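Student: Generate coordinates for the sequence data below:
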Amino acid sequence: MKQANGFQRFSAYFIDISLLLFIYIILMKISEQFVPAKDLYPPVSAMSLYSKREMDIYKISVSIGASFLLIYQFVCHYFFKTTIGNKLLKIKRLSVEKEDLKLIQIFKLCLVSILKYGIVFLPGPASVILLFFLMSVVSEVLSDYIAFTLLVLAFSWLILTPLKAYRKNDKVTWVEKFTKTRVYSLTSEDK
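Tutor: Numbering: from 1, shown residues only. Presented below is the predicted three-dimensional model:
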């Protein structure tokens, strides 16, 4: 078995995230039948201007998304041994010994998923906290720029760290080192 290339891995990740987002949107649309939309979605405005109620709505929606991601990761890896994106692209995450994942490795993968999720959704609240502590120095407008900069840096880190690993000879990302796993391309004999 050879390790999967970066394009396969990114494509599988994109498929998984797109699928989760699609299901999440459908579930939220169904929820709108029972709960008013203003209570489901935070407003599209600067987070520094959010009221306590709006920040609570943001926290709840992020928590629902994180829970959904955790359930997806755990169920796919524990019961089906791979995610839907990996299955479609014929790649599989295995332990370093090329065995199915152990429960501890699945938990570590879930932890990494939450870390990645948090990196994307924390810049807004981080800028609000920064604005609170530096009220006299940082204006609300500057706070929004800081949040956007943090978001761009977070996305850059999520995209560039795997690419950096693929430029090396070992092709091992920090996630694989942490979880002691590798992602392999499946051939007809491996299935």
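Student: all helices for this protein, in order.
Tutor: In the chain, the helices defined using DSSP state H lie at 6-31, 37-40, 52-75, 84-88, 103-121, 123-133, 140-167, 174-179.
Student: Now do the contacts for residue 89.
Tutor: Counting by CB atoms under 8 Å, 6 or more residues apart in numbering, residue 89 touches 4, 8, 11-12, 15. Using the backbone N, CA and C atoms, a C-beta is placed for each residue, glycine as well.
Student: With respect to residue 96, which of the helices of the chain lies nearest?
Tutor: Comparing the helices of the chain by their distance to residue 96 (CB to CB), the top pick is helix 174-179, with 8.5 Å.
Student: which outside residues touch that closest one?
Tutor: Identification of contacts with helix 174-179 by CB under 8 Å, 6+ apart yields 105, 108-109, 112, 161, 165, 181-183.
Student: Low-confidence bits of the chain, can you list those?
Tutor: 46-48, 122-144, 146-147, 168-170, 188-191 (pLDDT under 70).
Student: quick one: contacts for the spatially most central residue of the chain?
Tutor: The centroid of the chain falls nearest to residue 117 when counting by CA atoms, centre = their mean (3.5 Å). Counting by CB under 8 Å, 6+ apart, residue 117 touches 65-66, 69.
Student: nearest to residue 27, of those residues?
Tutor: Of all the contacts of residue 117, residue 65 has the smallest distance to residue 27: 10.3 Å, by CB to CB.
Student: Now do that closest one against residue 94, distance only.
Tutor: According to CB to CB, to the nearest Å, residue 65 and residue 94 sit 28 Å apart.
Student: what do you get for residue 41?
Tutor: Remark: distance between residue 41 and residue 94 (CB to CB) = 39 Å.
Student: Look at those two and report which has more neighbours.
Tutor: For residue 41 versus residue 94, the count of surrounding residues by other CB atoms under 10 Å is larger for residue 94: 19 against 14.
Student: The more buried one and residue 101 touch, don't they?
Tutor: Yes - between residue 94 and residue 101 there is a contact at 7.0 Å, judged by CB atoms under 8 Å.
Student: Please name the nearest non-neighbouring residue to residue 186.
Tutor: Nearest non-adjacent residue to residue 186, counting by CB to CB, 6 or more residues apart in numbering: residue 90, 4.7 Å away.
Student: distance of the one you found from residue 162?
Tutor: For residue 90, the distance to residue 162 equals 19 Å [CB to CB].
Student: do the same with residue 78
Tutor: Residue 78 sits 24 Å away from residue 162, going by CB to CB.
Student: Looking only at neighbour counts, state which of these two leads.
Tutor: Comparing residue 78 with residue 162 by other CB under 10 Å, the one with more neighbours is residue 162, at 17 against 14.
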